[in-house]
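**Student:** My questions concern the predicted model and sequence given below.
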Amino acid sequence: LRVCGALAPPLAQPSQRDKELKGRLHGQPELDHRVREWIAECSRPAHCRDRSYDAVGRSLNRDYILATRFVTKEAPPELDDAEVATDERKMTQLCRYVSLIPFLEDFHLEDAGGDEIDHEGLDVWCTSSEFLHFMAGDWEEHATLLCNFFLHLNKTAYLVFGSGIPEGDTVYVMTVEKRSGEEDQVWFWNASRGCKYHSKDDKCTLKEIFYVVNSDNVWGNVQPTKDLTESSFNLKDIKCWRPLFTEKHPASKFQTETVQEKIDWKLNQKNENFVRGVQKDISLHIRNRLEHWRSREGKSLVENEAANRTLTEVLKTMERSAHSGTVFTEEDHHQKLAKFLQPGATSGFNMTGFYINRPYTDPQQIIDEIENADIHHAGPVVAESDVQFAHAVYVRAFPRRVLSLWVAVACLSRKR
């Protein structure tokens, strides 16, 4: 015998959240009360109870700060010829620049190796200067820096807190382009991955919005739909977006000045020797590991130096293409490698390989990716002397030694 009971309407499960939220903004009881009141207003509809609303973040000093105070204009570094680059190109380059800053979730900052980690206690929101000092951060830091860069370009930009695939809770940047006589164009930028999506793109990895933030206000999304393609982005519509600050609760009553400090871009920092050192170190690691993996199975490592040099030039071309937003086609790729592939000929090589482009953290992560690709087992089982290997490393440094790391590894087996 089974008995099922239900309540209509359903009641929310009792929790300690209200107690946990109380008193976070020390010395600002009115703002603390208003934030809790706003969260309750946003969470009241049944379809909103699974959404995580908040209007504050915890700083590196462990005090709670209003989210709007992280958002302000911040001048970006020059990444290209300012007179030539269009705004669209600048925005794409800035998005890629921010994505090249290594990603590190907050709990790794203080993970001492214990079994239990207070993830909520370690959820911190660094300022942009702190982010660049540590040269690592998670979704909040990447999105905030990019949003503030866009604001400096006089774009309409917001931080978007929501849920995405595959990361779960996440933060994106939303930009709104107003066009005369046309519908506003809304874009979502994944600052951690360096890509953007139109609001009508069903392939967008941002799947639900909880709330959005700019320097003036916070708006909770109270629309029934989770689907971004069906959502309204008119923040003045209180049926869709519930503002934290209103005429009854003006922002002017509360502490709202920015916590951001001017970023030191260290423009006189010399990068040439540093870059050469990183390239040499990673290249040596790759060669040693390839040799080790081959010798472990009684095989030798024969390098093709000419292919090494060609792959290095290919990597430089791919970096220029990625930075400028141009397309490096498969035909361009084959043309660069034509002297090795010799398509249609019985001589030459069959080439198997791959490229990696990522932020630079340490050589071991690159080694792990190469080992997982199993490239050292490529090539024919017999005639070992016909199997050669090539690898190349190219590093480009941007201001504050943000590095774009490229690695190519290939196996060349002689045609028979």
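**Tutor:** Received it, and whenever you're ready, just let me know what you need. Numbers count the residues shown, from 1 in each chain.

**Student:** drop to CA atoms for contacts and neighbour counts, all remaining ones
**Tutor:** Noted.

**Student:** From residue 395, how far out is residue 175?
**Tutor:** From residue 175 across to residue 395, the span is 31 Å (Cα to Cα, to the nearest Å).

**Student:** Thought residue 392 was touching residue 408, still the case?
**Tutor:** Yes: counting by Cα atoms under 8 Å, residue 392 is a contact partner of residue 408 at 5.2 Å.

**Student:** what is in contact with the two at once?
**Tutor:** 311-312, 315 (Cα atoms under 8 Å, 6 or more residues apart in numbering).

**Student:** Mind checking what secondary structure residue 395 has?
**Tutor:** Following DSSP: H, G, I helix; E, B strand; the rest coil, residue 395 is assigned to strand.

**Student:** Neighbours of the closest residue to it other than its chain neighbours, how many?
**Tutor:** Excluding its sequence neighbours, the residue lying closest to residue 395 (Cα to Cα, 6 or more residues apart in numbering) is residue 405, at 4.7 Å. If you count neighbours by other Cα atoms under 10 Å, residue 405 ends up with 24.

**Student:** Could you do residue 86 as well?
**Tutor:** Neighbourhood size, residue 86 [other Cα under 10 Å]: 11.

**Student:** How much space separates it from residue 95?
**Tutor:** Note on residue 86: its distance to residue 95, by Cα to Cα, is 14 Å.

**Student:** Ok, residue 52 next?
**Tutor:** 26 Å.

**Student:** for the record, mean pLDDT for stretch 388-401?
**Tutor:** Averaging pLDDT along stretch 388-401 gives 96.

**Student:** Nearest residue to residue 93 in space, please, no chain neighbours.
**Tutor:** residue 323 (6.2 Å).

**Student:** Ignore what I typed, I meant residue 69.
**Tutor:** Nearest non-adjacent residue to residue 69 (Cα to Cα, 6+ apart): residue 258, at 4.2 Å.

**Student:** if we can go back for a sec, can you confirm the residue nearest to residue 93 is in a strand?
**Tutor:** No: the assignment for residue 323 by three-state DSSP gives helix, which leaves it out of any strand.

**Student:** what pLDDT does residue 9 get?
**Tutor:** 46.

**Student:** again with residue 413
**Tutor:** 88.

**Student:** need the contact list for it.
**Tutor:** 349-351, 379-380, 386-388.

**Student:** Which ones among those residues lie within helices?
**Tutor:** Applying DSSP state H to the contacts of residue 413, no entry is found in helices.

**Student:** How much space separates the residue nearest to residue 69 from residue 124?
**Tutor:** Counting by Cα to Cα, the gap from residue 258 to residue 124 is 17 Å.
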